[in-house]
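Undergrad: Compute the structure for the input listed below.
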Amino acid sequence: MVFILKLFVRLGLWIFCPEVHIRNKSILAKKGALLVVVNHPDSFLDAVIIGAYYPRKMHFLARGDVFRKPIFGFLLRSIGMIPIHRAREGREHLHLNAGTFDASVDVLAKGGGILIFIEGICLLTHELQPYKKGATRILEAAQQRGIQPMVHVIGIAYNDFRAFGKVVEIHVEELAQPPELGHAKDRLDFNARVFDQMRQLIHVPTKRMHVKRSLFYFLNYPYYRLVQSIADSKTKGTVFYDSVLFAALFFTYPLYLMLLGTGLWLAGLPIWYVGFFVLILPLGIRIQMRTK
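TA: Prediction:
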């Protein structure tokens, strides 16, 4: 299921983020226990993009409050997300983090990959925030169980936090010889080392995407404006606009194409023409995107 979902997500990103540049992409294919530390400029979209380009299944630490509704908790866990609880979401839940770190080490013990946003907060900025202790807790607990995971350091940056048609820069490096963690100083040294490396990996793109105003544009625009306005109203004052917009487009655009195709078929157009038109409509938008 995860493999199929990745294919559809990559297809959605192909339109929503027409240019995704990954430096040192071959590193993503390495096998074995893996801890990935990433900056966190754009909410859940960061996890969606990075997870889509790792060929393996990745597990993500995500804010615990979104798991509280049973159906959301089930769906998020099914795609590899693990809840981590922060004090500002309720100190009464902090004791649950012991299970979070145990689950993360269990993933590493099986040769899997764990991704954590080491800043522990998203502020819609490419300026790094002070690191939290989650990454060091996972790495130290893994080392205590005899597991020496690789550590990937990733810097991700966007040309815009609200624009459709994003340019994304992802720079990946492997942390050479991750240190043994046993004392508070070791953890501080690890975070300082990763901070310096990650800061050099964040390259904010300056290009902007432009969509030619053709027939493809005008057929898609009313649908997009409706979804965009709903996403904007639901996320006003929060950092979730981009991720909610992408999710809404991802799940509703196929329905829009089906309704449009049904309307054309009922109007008497041949089924082969309807099928061709429905397929070419999203492709046309993607082809007519240009940087400027």
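
Undergrad: If you count neighbours, what's buried in whatever helix or strand S243 lives in?
TA: Secondary structure assignment for S243, by DSSP states H and E: helix 241-266. Of the residues in helix 241-266, 241-250, 253, 256-257, 260-261, 264 count as buried by neighbour count, 16 or more other Cβ atoms under 10 Å. (Each C-beta comes from the backbone N, C-alpha and C, glycine too.)

Undergrad: next helix or strand past it?
TA: Using DSSP H and E, the helix or strand that follows helix 241-266 towards the C-terminus is helix 271-287.

Undergrad: Tell me the buried residues in that following helix?
TA: The neighbour-count criterion (16+ other Cβ under 10 Å) identifies V274, F277, V278, L281, P282, G284, I285 as the buried residues of helix 271-287.

Undergrad: Nearest to L5 among those residues?
TA: Ranked by distance to L5 (Cβ to Cβ), the buried residues of helix 271-287 are led by P282 at 18.2 Å.

Undergrad: where along this protein do the helices fall?
TA: Taking DSSP state H to define them, one finds helices in the chain at 2-16, 43-53, 70-78, 97-109, 134-144, 184-201, 215-235, 241-266, 271-287.

Undergrad: And the fourth one, what does it pack against?
TA: Okay, so that is helix 97-109. On a contact count with 3 or more Cβ pairs under 8 Å, 6 or more residues apart in numbering; DSSP states H and E, helix 97-109 meets strand 58-63, strand 81-84, strand 113-117, helix 134-144.

Undergrad: thinking again about what came up before, tell me which two in the buried residues of helix 271-287 are the farthest apart.
TA: Pairwise distances across the buried residues of helix 271-287 peak at 18.1 Å for V274 and I285 (criterion: Cβ to Cβ).

Undergrad: before we move on, the earlier item: quick check: angle from the helix holding S243 to helix 271-287?
TA: 150 degrees (axes from the mean of the first three to the mean of the last three Cα atoms, to 10 degrees).

Undergrad: among the helices of the chain, which is nearest N24?
TA: Ranking the helices of the chain by their distance to N24 (criterion: Cβ to Cβ) puts helix 184-201 first, at 9.5 Å.

Undergrad: and the closest one, average pLDDT?
TA: Model confidence over helix 184-201, given as mean pLDDT, is 96.

Undergrad: can you list the residues that contact it?
TA: For helix 184-201, the external contacting residues (Cβ atoms under 8 Å, 6 or more residues apart in numbering) are 37, 39, 118, 128, 131, 133, 135-136, 139-140, 151, 153-155, 171-173, 175, 178-181.

Undergrad: same deal with stretch 122-130?
TA: Outside stretch 122-130, the residues that reach it (Cβ under 8 Å, 6+ apart) are 39-43, 46, 119-121, 157, 161, 195, 198-199, 202, 204, 239.

Undergrad: Grab the CA positions of stretch 158-168 and hand them over as PDB.
TA: Listed next in PDB are the C-alpha coordinates belonging to stretch 158-168 (Å, rounded to 0.1, in the frame of the first residue of the first chain):
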ATOM      1  CA  TYR A 158      11.100  26.400  -1.000                       C
ATOM      2  CA  ASN A 159      10.800  29.300  -3.300                       C
ATOM      3  CA  ASP A 160       7.400  30.200  -1.700                       C
ATOM      4  CA  PHE A 161       5.300  29.000   1.200                       C
ATOM      5  CA  ARG A 162       1.900  29.700  -0.400                       C
ATOM      6  CA  ALA A 163       2.400  29.500  -4.200                       C
ATOM      7  CA  PHE A 164       1.100  26.700  -6.400                       C
ATOM      8  CA  GLY A 165       3.900  25.400  -8.600                       C
ATOM      9  CA  LYS A 166       6.800  25.300  -6.200                       C
ATOM     10  CA  VAL A 167      10.500  25.000  -6.700                       C
ATOM     11  CA  VAL A 168      12.100  22.900  -4.000                       C
END
